[in-house]
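what would the 3D arrangement of this be:
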Amino acid sequence: MRARVRDISYALAGISILLIHYLVPYTMLKNAEGFSLYAFWGTLATIWLLITIIYLKGDRDE
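Modelled structure (predicted):
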């Protein structure tokens, strides 16, 4: 049961990150200049990478 909740949480987080990845640049950052848009995408991708690593390590421990 705990693994199922973990899987559902990970899937919902993935959908949320995907939505943020598209909605924020086209709404709040549409007039962004220079490096700020790349910084946003890079930060978001790094956060998702860390979440995935934590998820996979927790899966290995069970």
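
please enumerate the helices of the chain.
For the chain, helices defined by DSSP state H occupy the ranges 2-27, 36-61.

mean pLDDT and mean neighbour count added to these, as TSV?
Placement of C-beta: from N, CA and C, glycine included. TSV is the format used below for the helices of the chain (pLDDT from 0 to 100; neighbours: other CB atoms under 10 Å):
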stretch	mean pLDDT	mean neighbour count
helix 2-27	89	12
helix 36-61	88	12
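
what's the nearest residue to His21 if we skip its chain neighbours?
Closest residue to His21 apart from its sequence neighbours, by CB to CB, 6 or more residues apart in numbering: Leu44 at 5.9 Å.

distance-wise, check His50 relative to Ile20.
Slight slip there: residue 50 is Leu, not His. 15 Å (CB to CB, to the nearest Å).

next one: Thr52
15 Å.

next: Arg4.
25 Å.

do the same with Gly42
14 Å.

next one: stretch 15-33 to chain centre, how far?
12 Å (CA atoms, centre = their mean, to the nearest Å).

what's that stretch in contact with?
The contact list for stretch 15-33, computed with CB atoms under 8 Å, 6 or more residues apart in numbering, reads 36-37, 40-41, 44, 47-48, 51.
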